[in-house]
Every structure is written in structure tokens, then in C-alpha cells.
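Can you look at this prediction? I've put the sequence above it.
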Amino acid sequence: MSETIWKFHLPILDKFFLDMPEGAHLLKAEAQSGEAMLWAQVNPDLPTERRYFALCGTGHPLPASYCVHVSTFQMPPFVWHLFEFVTPP
């Protein structure tokens with residue numbers, strides 16, 4: 001099967017994980033109908049892997065230095081910043 005775009009629900013938690021097809025390319029996080037979502041380009045034929053994330057609000061401490069910024073999105077009155085751990089926490 002060819003690659004496609006999948007949507008993943010983001011829990012509003014400091015740290016969490018998502019199971020995604022191996023090598024999923026993260027595209028964008030955004031609010032949709034009041035829910036936090038993440039879109040990724042995936043190959044659905046590949047096995048899944050667990051990926052670890054941190055979500056912090058503006059003004060909150062940033063996650064560890066071994067995280068990379070994925071996306072920033074608004075869910076009024078909050079602005080959220082999504083990071084992915086490059087090594088599991």
C-alpha cells in the first residue's frame with residue numbers, strides 16, 4: 001500500500017506516547033472540533049513503533065534538551081507546544 005495521512009488524538013498531558021507505523025513523518029498538530037490532533041504521513045503496511053511526546057503550554061518549563069519541537073497550536077485560551085523525545089524518557 002502507498003503512504004497516506006493519518007490523524008492521531010493528542011492527550012492534554014505533560015508526557016505521553018503514541019503508537020504509529022514505523023518512520024511516520026510528523027506533519028502538523030492542530031485543534032479540530034475542540035480536540036488536539038496530530039497529522040502524520042505514514043505507511044500503514046509497516047509495523048508500529050512507540051513514540052514519546054511532551055506537551056507544554058506557553059510559559060511552562062520546556063521538556064528536556066533531548067526533545068525536538070514538532071508543532072505549536074492554539075486551543076483558546078491556551079497555546080500548546082508539542083515536542084518529541086529523540087530518545088525515550
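Now that the structure is in, tell me what you want to look at.

Any buried residues in stretch 45-59, and which?
51-56 (16 or more other Cβ atoms under 10 Å). To be clear about C-beta, it is placed using only N, CA and C from the backbone, and glycine gets the same treatment.

Go through the residues you listed and name the one nearest L18.
Set against L18, the nearest of these by Cβ to Cβ is R51 (5.5 Å).

The host helix or strand of that closest one pairs with which strands, and in what direction?
Assigned by DSSP states H and E, R51 belongs to strand 48-57. Using DSSP bridges, strand 48-57 pairs in its sheet with strand 15-21 (antiparallel), strand 78-85 (antiparallel).

want to try CSV for these, with distance to C67 as columns?
CSV is the format used below for the strands paired with strand 48-57 (distance: least, Cβ to Cβ, whole Å):
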stretch, distance to C67
strand 15-21, 10
strand 78-85, 4
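
most tightly surrounded among these?
strand 78-85 (a mean of 17; mean count of other Cβ atoms under 10 Å).

just to revisit the earlier point, out of the strands paired with strand 48-57, flag the one nearest S33.
Nearest of these (Cβ to Cβ): strand 78-85, 15.8 Å.

Residues contacting that closest one, please?
10, 12, 26, 29, 36, 38, 51-58, 62-64, 66-74 (Cβ atoms under 8 Å, 6 or more residues apart in numbering).

how about 10 Å then?
10, 12, 15, 17-18, 26, 28-31, 36, 38, 51-60, 62-64, 66-74 (Cβ atoms under 10 Å, 6 or more residues apart in numbering).

Contacts only, for the closest residue to D19 other than its chain neighbours.
Computed as Cβ to Cβ, 6 or more residues apart in numbering, the closest residue to D19 that is not its neighbour in sequence is T48, at 4.5 Å. T48 makes contact with 18-22, 24, 42 under the criterion Cβ under 10 Å, 6+ apart.
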